[in-house]
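*Asks:* prediction below, plus the sequence it came from.
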Amino acid sequence: ASIPGKYVLEASFSPVPEGWLEALKKLPDVERVTAQDHIFRIASLNGPRTTVELVEAARRAQATITSLAVESTTLDDVFMHYTGRQLRDALQSAYRYDISHIYQR
């Protein structure tokens, strides 16, 4: 399985239009979209093109983009793809369990 997207767009909207998650999945070059609270993460093969289309879609839906960030895929995105959890969470839980051998004698 390949890692979705070379770019990750993270955006929030006000108001969030009805059916917005599905609408975002239909934008050009989008491989996947996830939503948590009011923040949408969009994995895209072409960040600049998807960004332009996202702005246009928001305008047509009369939604204000309250925040927007575009970045290349991060190590955390790769880890999340393969494990389903955030790297930070995995490191914290591993740390809690891995130090127990220090106290055993």
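*Replies:* Cool, the structure landed. Residues are numbered from 1 along each chain as shown.
*Asks:* what's the neighbour count on the residue nearest to Gln62 when sequence neighbours are not counted?
*Replies:* Counting by C-beta to C-beta, 6 or more residues apart in numbering, Pro17 is the residue found nearest to Gln62 once chain neighbours are left out, at 7.7 Å. C-beta: built from backbone N, CA, C; applies to glycine. By the measure other C-beta atoms under 10 Å, the count of residues near Pro17 is 15.
*Asks:* Pro17 contacts Thr64, doesn't it?
*Replies:* No - checked against C-beta atoms under 8 Å, the pair Pro17 and Thr64 is beyond contact range at 10.8 Å.
*Asks:* ok, back up a step: let me see the contact set for the residue nearest to Gln62.
*Replies:* By C-beta atoms under 8 Å, 6 or more residues apart in numbering, the contact list for Pro17 reads 23, 61-63.
*Asks:* tell me the secondary structure at it.
*Replies:* Applying DSSP: H, G, I helix; E, B strand; the rest coil to Pro17 yields a three-state assignment of coil.
*Asks:* per-residue pLDDT, it?
*Replies:* The score at Pro17 is 94. That number is its pLDDT.
*Asks:* phi, psi for it please.
*Replies:* phi -60, psi 150 (degrees, to the nearest 10).
*Asks:* the helices in the protein, which residues?
*Replies:* 20-25, 47-60, 75-83, 87-98 (DSSP state H).
*Asks:* same question for the third one, mean pLDDT?
*Replies:* Model confidence over helix 75-83, given as mean pLDDT, is 71.
*Asks:* surely Leu45 is in contact with Tyr7?
*Replies:* Yes - between Leu45 and Tyr7 there is a contact at 7.5 Å, judged by C-beta under 8 Å.
*Asks:* which one's more surrounded, the two?
*Replies:* Tyr7 (21 against 14).
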